[in-house]
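Asker: mind looking at a prediction? Sequence and model below.
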Amino acid sequence: MQIAARPATGGTILDITGDIDLAHSPAMRKALLQEIREKKTPKVFLNLEKVRYIDSSGIASLVEGLKASRDQGSRLILYGLSKTVREVMELSRLQKIFEIHDSEAQALAS
Amino acid sequence: MQIAARPATGGTILDITGDIDLAHSPAMRKALLQEIREKKTPKVFLNLEKVRYIDSSGIASLVEGLKASRDQGSRLILYGLSKTVREVMELSRLQKIFEIHDSEAQALAS
Amino acid sequence: MLLKLELQSNPEALCLVRATIERAAEVMHFQDAEARAIVRSVDEALANVMRHAYGGRLGLPIEMICHKLPGGEQKSAAGGIEILLADRGVPVKPATLKSRPLDEIRPGGLGLHFIRESMDEVEFSRKKGKNLLRMVKYLSPTPQAAASEGE
Amino acid sequence: MLLKLELQSNPEALCLVRATIERAAEVMHFQDAEARAIVRSVDEALANVMRHAYGGRLGLPIEMICHKLPGGEQKSAAGGIEILLADRGVPVKPATLKSRPLDEIRPGGLGLHFIRESMDEVEFSRKKGKNLLRMVKYLSPTPQAAASEGE
Ligand SMILES: Nc1ncnc2c1ncn2[C@@H]1O[C@H](COP(=O)(O)OP(=O)(O)O)[C@@H](O)[C@H]1O
Ligand SMILES: Nc1ncnc2c1ncn2[C@@H]1O[C@H](COP(=O)(O)OP(=O)(O)O)[C@@H](O)[C@H]1O
């Protein structure tokens, strides 16, 4: 898994590539919490277009990110979910909890 | 691996999908030799666009097909070779022996 | 037997196992969504072994055996895949094998739920000092599966 | 150890092993062409075991062990992957392990050539009633490999 950050209107986009599994979710969690808690970025966009797989530990990290952003009064916005990622969100009954958009354009406009 | 035949100008196209390895090259060999020797098709086009992998047993079957078509005075024409397939052809020093085209259009026009 | 895989408790290995299982499901003509369900279950089950049975310690042995189940019986008319996992970690306490209610929004506690939703049979047991997990997914008879029989 | 795989002499298993090795090469940051070279070599070597050492008989045991080699020494500065295959078939006669001249156009006799062209080290041996094949491919130090270190 790789994470790259780039600036976006009102916040930062984190581009994630690869598999968010038990081996890599700690790195994503760290990057996410840093962006939210330390940098206090008002809008954190997670680009999941290139995520091939996410497991329950990845979902757990997203939930932590969501809680942190609520605590901060900031926003965590997901987009580009593949079928696999979407399926896991649905299995977790979390698809309604997260702010989810189809494309980067829609996410940025939200 | 799957093989499907469809008619084409002057002969038959065999569309091959999947992996041509030790498990599946016998089926390709059979289909190929049947087309060449029994049906005596004057031009046999092998569409390799959807071939994900080919091993030395697959190459051996292609060589057998080539010999059979030379015996029949017919033609065996390959097209749509992926990087993997092309690489294996080059390792076998056979890329000059076979009639190879990039696309179906070019193969049919040849 | 399709194959037996021995790996060590190390999250880096999960990705290799996923690739193997994904291909096994493809070879057996599982549909894409079913294949993803099988991959997900094996991944979550192995992650649980690493985190719970082995408490996060690295380098400890895990075995995975995959069988192709023949078709024939009612539910399993089209056959299926059976995956057996074995570890030498602390005995799993059946009482702890509980998924949390999904309406709480908190991290964790989703793995078992994923496995139970994704597989047709899920059985934990302990034999000869090993924790065993048996998971089965049946093929749903589809036109595709039937068509590729003659392959 | 990255992992150990036990399979049976059955050409249907080759595709599963290829998927596993492909992912192992990806995880180790081999470049695409190198990854294909490793996959090809393992596939051809296993096919040879099935055809020659086991004479085409099905269901006989083959073991594959993958190691991650640490970097450090000269040629292997960036580390690499070591793959060990073991079978219990008839002893391989070193004299038969010959590739044919490539200028003849005839089917067969390409597998060993593919393996030797694709891997950095290829060693056949026999120990304790087993045929052993050891293959090594070194990582070529690339900007990508260096960049993804911190992952
Ligand atoms: N392989 C295992 N060995 C021991 N305990 C396990 C195992 N798998 C699951 N458990 C227990 O079941 C609980 C629920 O597991 P799970 O739903 O995967 O969520 P999580 O692992 O996030 O807690 C775990 O917290 C653990 O107590
Ligand atoms: N694993 C093996 N066990 C025994 N003999 C082998 C093995 N691998 C290769 N050989 C011998 O080496 C020869 C050349 O092998 P190869 O180049 O793969 O071509 P082919 O298998 O098509 O003959 C084989 O014909 C066989 O005699």
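Answerer: Structure received. Ligands and ions are numbered 1, 2, ... in the order given.

Asker: rest of the way, CA atoms for contacts and neighbours
Answerer: Noted.

Asker: and the helix or strand hosting residue A:59, what does it pack onto?
Answerer: Assigned by DSSP states H and E, residue A:59 falls within helix A:56-72. Here helix A:56-72 touches helix A:25-33, strand A:75-79, going by 3 or more CA pairs under 8 Å, 6 or more residues apart in numbering or on different chains; DSSP states H and E.

Asker: could I get the contacting residues of the spatially closest residue to residue C:61 that is not a sequence neighbour?
Answerer: Of all residues not flanking residue C:61 in the chain, residue C:8 sits nearest, at 4.7 Å (CA to CA, 6 or more residues apart in numbering or on different chains). By CA atoms under 8 Å, 6 or more residues apart in numbering or on different chains, the contact list for residue C:8 reads C:58-62, D:1-3.

Asker: neighbours of residue A:57, just the number please.
Answerer: When neighbours are counted by other CA atoms under 10 Å in any protein chain shown, residue A:57 registers 24.

Asker: isn't it up against residue A:19?
Answerer: No - in this structure residue A:57 lies outside contact range of residue A:19 using CA atoms under 8 Å: 11.3 Å.

Asker: centroid-nearest residue for the chain?
Answerer: You didn't pick a chain, so chain A it is. Geometric centre of chain A, nearest residue: residue A:46, 3.8 Å, by CA atoms, centre = their mean.

Asker: wrong one, I was asking about chain C
Answerer: Most central in chain C (CA atoms, centre = their mean) works out to residue C:42, at 3.2 Å.

Asker: pull the residues that contact whatever helix or strand it lives in.
Answerer: In the assignment (DSSP H and E), residue C:42 maps to helix C:32-48. When contacts are defined by CA under 8 Å, 6+ apart, helix C:32-48 is touched by residues A:22, A:55-56, A:84, C:11, C:14, C:17-18, C:21-22, C:25-26, C:83, C:85, C:111-112, C:114-115, C:118-119, C:137.

Asker: please flag which of those residues sit within strands.
Answerer: Among the contacts of helix C:32-48, the members falling in strands (DSSP state E) are C:83, C:85, C:137.

Asker: what's the closest non-adjacent residue to residue A:82?
Answerer: Spatial nearest neighbour of residue A:82, excluding adjacent residues (CA to CA, 6+ apart): residue A:49 at 6.5 Å.

Asker: tell me who's in contact with that neighbour.
Answerer: Counting by CA under 8 Å, 6+ apart, residue A:49 has contacts A:16-17, A:79-82.

Asker: which positions in stretch C:54-61 come out as buried?
Answerer: Using 16 or more other CA atoms under 10 Å in any protein chain shown as the test for burial, stretch C:54-61 gives C:54, C:56, C:61.

Asker: tell me who's in contact with residue C:7.
Answerer: For residue C:7, the residues meeting the contact criterion (CA under 8 Å, 6+ apart) are C:13, C:61-63, D:1-4.

Asker: also residue A:22?
Answerer: Going by CA under 8 Å, 6+ apart, residue A:22 touches A:55, A:57-58, C:11, C:14, C:47.

Asker: 7 Å instead?
Answerer: A:57, C:11, C:47 (CA atoms under 7 Å, 6 or more residues apart in numbering or on different chains).

Asker: ok, residue C:21 next?
Answerer: So residue C:21 contacts residue C:39 (CA under 7 Å, 6+ apart).

Asker: how near is it to ligand 2?
Answerer: 26 Å (CA to the nearest ligand atom, to the nearest Å).

Asker: if I look at that residue, how far off is chain B?
Answerer: If you measure residue C:21 against chain B using CA to the nearest CA, to the nearest Å, the figure is 17 Å.

Asker: out of the contacts of residue C:7, grab the one that's most surrounded.
Answerer: Neighbours here mean other CA under 10 Å. Within the contacts of residue C:7, the largest count is held by residue C:62, at 22 neighbours.

Asker: quick check: that one touching residue C:84?
Answerer: No - between residue C:62 and residue C:84 there is no contact under CA atoms under 7 Å: 10.5 Å.

Asker: quick one: mean pLDDT over stretch C:53-69.
Answerer: Mean pLDDT, computed over stretch C:53-69, is 97.

Asker: shaky segments in chain C?
Answerer: Filtered on pLDDT under 70, chain C yields the residue ranges C:73-76, C:142-151.

Asker: chain A contacts on that one?
Answerer: Residues of chain C lying near chain A by CA under 7 Å from any CA of the partner chain: C:11-12, C:47, C:102, C:106-108, C:110-111, C:114.

Asker: so which of those reach ligand 2?
Answerer: Among those, no residue lies close to ligand 2 (CA under 6 Å from any ligand atom).

Asker: show me those residues that map onto helices.
Answerer: Of the residues of chain C next to chain A, the ones assigned to helices by DSSP state H are C:47, C:111, C:114.

Asker: for those residues, pick the one with the most neighbours.
Answerer: Scoring these on neighbours with other CA under 10 Å, the highest-scoring entry is residue C:47 at 25 neighbours.

Asker: tell me which residue in chain C sits closest to chain A.
Answerer: Closest approach between chain C and chain A, counting by CA to the nearest CA: residue C:107, at 4.0 Å.

Asker: tell me the one of the contacts of residue C:7 nearest residue B:67?
Answerer: Distance to residue B:67 across the contacts of residue C:7 (CA to CA) is lowest for residue D:4, with 41.2 Å.

Asker: regarding the nearest residue to that closest one once chain neighbours are set aside, what is its secondary structure?
Answerer: With sequence-adjacent residues excluded and distances taken as CA to CA, 6+ apart, residue D:4 is closest to residue D:65, at 4.3 Å. With DSSP: H, G, I helix; E, B strand; the rest coil as the basis, residue D:65 sits in strand.

Asker: wait, residue C:122 sits on residue C:135?
Answerer: Yes - applying CA under 7 Å, one finds residue C:122 in contact with residue C:135, separated by 4.6 Å.

Asker: separation between the nearest residue to residue C:15 once chain neighbours are set aside and residue C:12?
Answerer: Excluding its sequence neighbours, the residue lying closest to residue C:15 (CA to CA, 6+ apart) is residue D:23, at 7.3 Å. For residue D:23, the distance to residue C:12 equals 11 Å [CA to CA, to the nearest Å].

Asker: for the residue in chain C that ligand 2 sits nearest to, which non-adjacent residue is closest in space?
Answerer: In chain C, the residue that lies nearest ligand 2 is residue C:3 (19.6 Å; CA to the nearest ligand atom). Excluding the flanking residues, the one nearest residue C:3 by CA to CA, 6+ apart is residue D:7, at 4.8 Å.
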